[in-house]
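Q: Next come a sequence and a model predicted from it.
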Amino acid sequence: MIIAWIIQFYKTVIQKDKNINPYFLILYVIGVIFLVIGNFLANDTFTGLLNLISAILPLLIFIAVLRN
C-alpha cells in the first residue's frame, strides 16, 4: 500500500496532477486484500470484514475511472 501512496503523492504533488491514478487504486486494493487475508488467518473476522469493505470501495472507483 505504501507504493500506491508514493505513486499518488508523486503525481499529485510533484506533477500537479489532481486525477486519481489507476495504478494507485490497484496497488491499494492489492495491499488491502493482503490485510484481509492476514486478518482472516489470524481469526480477526471483524477487522477482516472492515478491510474487505475498504478494498471494495477503491475497486468501484477504479471501475468508474476506467469507464471514463
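A: Okay, I see it. Numbers count the residues shown, from 1 in each chain.
Q: use CA for all of it now, contacts and neighbours both
A: Will do.
Q: Okay, and the residue lying farthest from the centre of the chain sits in which element?
A: The C-alpha centroid of the chain is most remote from Asn43, which lies 22.4 Å away (Cα atoms, centre = their mean). Under DSSP states H and E, no helix or strand contains Asn43.
Q: any idea which element the most centrally placed residue in the chain lies in?
A: Nearest residue to the geometric centre of the chain (Cα atoms, centre = their mean): Tyr28, 2.4 Å. Element membership for Tyr28, per DSSP H and E: helix 22-41.
Q: Against which helices or strands is that helix packed?
A: helix 2-9, helix 45-67 (3 or more Cα pairs under 8 Å, 6 or more residues apart in numbering; DSSP states H and E).
Q: So which residues make contact with the longest one?
A: Right, helix 45-67. If you take Cα atoms under 8 Å, 6 or more residues apart in numbering as the criterion, helix 45-67 is touched by 22, 25-26, 28-29, 32-33, 35-40.
Q: Now do the buried residues in that helix.
A: Gly48, Asn51, Leu52, Ser54, Ala55, Pro58, Leu59, Phe62 (16 or more other Cα atoms under 10 Å).
Q: Show me just the buried residues among the contacts of helix 45-67.
A: Buried, going by 16+ other Cα under 10 Å: Pro22, Leu25, Ile26, Tyr28, Val29, Val32, Ile33, Leu35, Val36, Asn39, out of the contacts of helix 45-67.
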